[in-house]
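> no FASTA, just this:
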């Protein structure tokens, strides 16, 4: 695995002029971040060192979806094939959000919520074909996932 080298961050930020910094501490894009039996782990030591070297600088985590098992199970139940999909535990994201991380990308979780909703709807309503029918519960699933992440995981409700 490749991790951010805290010795390089200050020079990188100074030379590039970026206004936020995405660091590598154990996250990765997609629903297959880890192999079965591999324990997801974020390198909080690197996060702390980076934040110590860049006090107050906005830190970002890309590829931080939790790949919520409920949605993976529902996708698989209704014909999907997502064996061994594993993400970052929400407790670890909560901890990162309490530290220097100000933006956590969770796109895969949103896509999984939507896909699970659509698969379930289509299986339970095989005669329906109008996207307005199956996209209504899919939009609700997305809204519910965003609300969950904002209030329960990221702790940013009311901070916009």
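Cool, got the structure. Bear in mind the structure is a predicted one, so any value in this text is a computation, not a measurement. Numbers count the residues shown, from 1 in each chain.
> so who does residue 141 touch?
Counting by C-beta atoms under 8 Å, 6 or more residues apart in numbering, residue 141 touches 113, 114, 116, 117. (Glycine included, C-beta is placed from N, CA and C.)
> Name the helix or strand for the last one, please.
For residue 117, the host element (DSSP states H and E) is helix 107-124.
> Quick one: name whatever helix or strand follows that helix.
Where DSSP H and E defines the elements, the next helix or strand beyond helix 107-124 is helix 131-148.
> Would you mark the buried spots in that following helix?
Buried residues in helix 131-148, counted by 16 or more other C-beta atoms under 10 Å: 134, 138, 141, 142, 145, 148.
> Over to stretch 103-123?
Under the neighbour-count criterion of 16+ other C-beta under 10 Å, stretch 103-123 has 104-106, 108-121 buried.
> Please state the offset of it from the chain centre?
Computed by C-alpha atoms, centre = their mean, to the nearest Å, the chain-centroid distance of stretch 103-123 equals 12 Å.
> The nearest residue to residue 94 once chain neighbours are set aside and residue 91, how far apart?
Spatial nearest neighbour of residue 94, excluding adjacent residues (C-beta to C-beta, 6 or more residues apart in numbering): residue 153 at 5.6 Å. From residue 153 across to residue 91, the span is 9 Å (C-beta to C-beta, to the nearest Å).
> Between those two, which is the more surrounded one?
Neighbours per residue (other C-beta atoms under 10 Å) separate residue 153 from residue 91, with residue 153 holding more: 22 against 10.
> So the more buried one sits against residue 92, correct?
No. Using C-beta atoms under 8 Å, residue 153 is not in contact with residue 92, being 9.8 Å away.
> Spatially central residue for this protein, please.
When C-alpha atoms, centre = their mean is applied to the chain, the residue found nearest the centroid is residue 65 (2.1 Å).
> ok, that one touching residue 88?
Yes. The criterion here is C-beta under 8 Å, and residue 65 meets it with residue 88 at 6.9 Å.
> Okay, now the unreliable bits of this structure?
Along the chain, segments meeting pLDDT under 70 span 1.
> quick one: the residue of the chain most remote from its centre from residue 33, how far?
Ranking residues of the chain by C-alpha distance from their mean position (C-alpha atoms, centre = their mean) puts residue 127 at the top, at 33.8 Å. As defined by C-beta to C-beta, residue 127 lies at a distance of 38 Å from residue 33.
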